[in-house]
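**Q** Take a look and give me a structure for this.
(one chain, ligands or ions: 1)
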Amino acid sequence: AYMFLNGKLIERTKGKIDVEDRGFQFGDGIYEVIAVYGGRPFALSDHLDRLFESAKKIYMEIPYSKKELEDGIHRLLHVDKREHCYIYIQVSRGISPRNHIIPQRISGTVIIYLLDPIREKENWKRRGIKAAITEDIRWLRCDIKTTSLLGNVLVKQKAVEKQASEAILHREQRVTEGSSSNVWIVKDGLLRTHPADQFILNGITRKQILAISKQQRIPYVEQSFTVDELLGADEVFITSTTMEVTPVVEVDEVKINEGKPGLLTKKLQWLLEREIQSQCFD
Ligand code: PMP
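**A** From the prediction side, this is the model:
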């Protein structure tokens, strides 16, 4: 397997990162995960745009243009041929003697390599998952896709301890998102998800689902909901690049839709698959 390290294509095991890389010491970096289907990246342009937006929000410069990153990704997919996988791209602020102050005139460390497909995905998509309600202990800039993921790691662990596959997070009574996904409910035919503010990551899959809903005239609102509304919902699902549309059929000990994936959830799942099909296969 190969990787790009600062523009050079090398064997993955040969990649070395300095101990004073700020990504390593401070989590001072940003990243994207992009799905590959049929050997082609899905929504690549949106992901790279979000990468540049994240960079801007942390006063960081990416040492390559969008076009150069795209070319790198296509070269990597060409040497590491795979039907289905994920592209991981990370940009850290770079190497500098340890000090919190953002250093000037250093160049970021850029890595790109491929991640293996998720083994459980198809099963989870078909049967639905169990989720655990957990307090959102993260910071107040969840709109930045940063590699500082300790908060996300700790809430995911809480869910795992409860034999759940995802943590659904809340601040006071308001549900924000999942530890690595956006959360949606359906109540009386109305689709609802948290607005894209500083409390959630504005998911690329979230954006796809909103566009599909608009096009299909499925009524939706970008409005937060409470934990009680989550537990009383007709349907619950999560979205992410890796999980696509995955039904949530149990939240803590409460069964949603009698423990079965909901109708609108399945419809959106299919419509997203159709979109993937049209962009990556035809
Ligand atoms: N929220 C968080 C906290 C995430 O980590 C992710 C997945 N990266 C998402 C939402 C979903 O985003 P996307 O659809 O772009 O993968």
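
**Q** What sits closest to the residue lying farthest from the centre of the chain if chain neighbours are left out?
**A** What lies farthest from the middle of the chain is Pro97; by C-alpha atoms, centre = their mean that is 31.2 Å. Once flanking residues are discounted, Pro97 sits nearest to Glu20: 6.4 Å by C-beta to C-beta, 6 or more residues apart in numbering. Yep, even glycine has a C-beta here, placed from its N, CA and C like the rest.

**Q** who touches that neighbour in this structure?
**A** When contacts are counted by C-beta atoms under 8 Å, 6 or more residues apart in numbering, Glu20 touches Ile95, Ser96, Pro97, Arg98.

**Q** Let's see that with 10 Å instead.
**A** Neighbouring residues of Glu20 by C-beta atoms under 10 Å, 6 or more residues apart in numbering: Gly94, Ile95, Ser96, Pro97, Arg98, Asn99.

**Q** And Val221, by the same measure?
**A** Val221 makes contact with Leu190, Leu191, Arg192, Thr193, Pro195 under the criterion C-beta under 10 Å, 6+ apart.

**Q** helix, strand or coil for Ile62?
**A** Assigned by DSSP: H, G, I helix; E, B strand; the rest coil, the conformation of Ile62 is coil.

**Q** Just list the residues touching it, thanks.
**A** Shown in contact with Ile62 (C-beta under 10 Å, 6+ apart): 30, 48, 51-52, 54-56, 68-69, 89, 91, 107-108, 110.

**Q** Export the residues you listed to TSV and append columns for distance to Leu201 and secondary structure.
**A** Below are the contacts of Ile62 laid out as TSV (distance: C-beta to C-beta, whole Å; DSSP: H, G, I helix; E, B strand; the rest coil):
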residue	distance to Leu201	secondary structure
Ile30	11	strand
Leu48	16	helix
Leu51	12	helix
Phe52	15	helix
Ser54	10	helix
Ala55	15	helix
Lys56	15	helix
Glu68	25	helix
Leu69	20	helix
Ile89	16	strand
Val91	16	strand
Ser107	26	coil
Gly108	21	coil
Val110	21	strand
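
**Q** and the contacts of Val221, which two are the farthest apart?
**A** The span of these, defined through C-beta to C-beta, is set by Leu190 and Pro195 at 14.9 Å.

**Q** higher neighbour count, those two?
**A** Set Leu190 next to Pro195 and count neighbours by other C-beta atoms under 10 Å: Leu190 wins out with 14 against 11.

**Q** how about the helices in the chain?
**A** Ranges of helices in the chain, per DSSP state H, are 22-26, 44-57, 66-79, 121-127, 150-161, 204-215, 227-231, 263-280.

**Q** Give me the distance between the fifth one and the centre of its chain.
**A** Yep, that's helix 150-161 we're talking about. 15 Å (C-alpha atoms, centre = their mean, to the nearest Å).

**Q** cool, stretch 64-75 as well?
**A** Taking mean C-alpha positions (C-alpha atoms, centre = their mean), stretch 64-75 and its chain are 20 Å apart.

**Q** residues contacting Pro41?
**A** Contact analysis of Pro41 by C-beta under 10 Å, 6+ apart lists 34-35, 47-48, 70, 73-74, 77, 85-87, 279-280.

**Q** Switch the residues you listed over to a markdown table; also include neighbour count, distance to the ligand and pLDDT.
**A** Formatted as a markdown table, the contacts of Pro41 follow (neighbours: other C-beta atoms under 10 Å; distance: C-beta to the nearest ligand atom, whole Å; pLDDT from 0 to 100):
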| residue | neighbour count | distance to the ligand | pLDDT |
| --- | --- | --- | --- |
| Ile34 | 23 | 9 | 98 |
| Ala35 | 25 | 8 | 98 |
| His47 | 21 | 7 | 99 |
| Leu48 | 21 | 12 | 98 |
| Glu70 | 15 | 17 | 98 |
| Ile73 | 21 | 16 | 98 |
| His74 | 12 | 20 | 98 |
| Leu77 | 17 | 19 | 97 |
| Cys85 | 20 | 15 | 98 |
| Tyr86 | 19 | 10 | 98 |
| Ile87 | 22 | 12 | 98 |
| Gln279 | 15 | 15 | 97 |
| Cys280 | 17 | 16 | 97 |
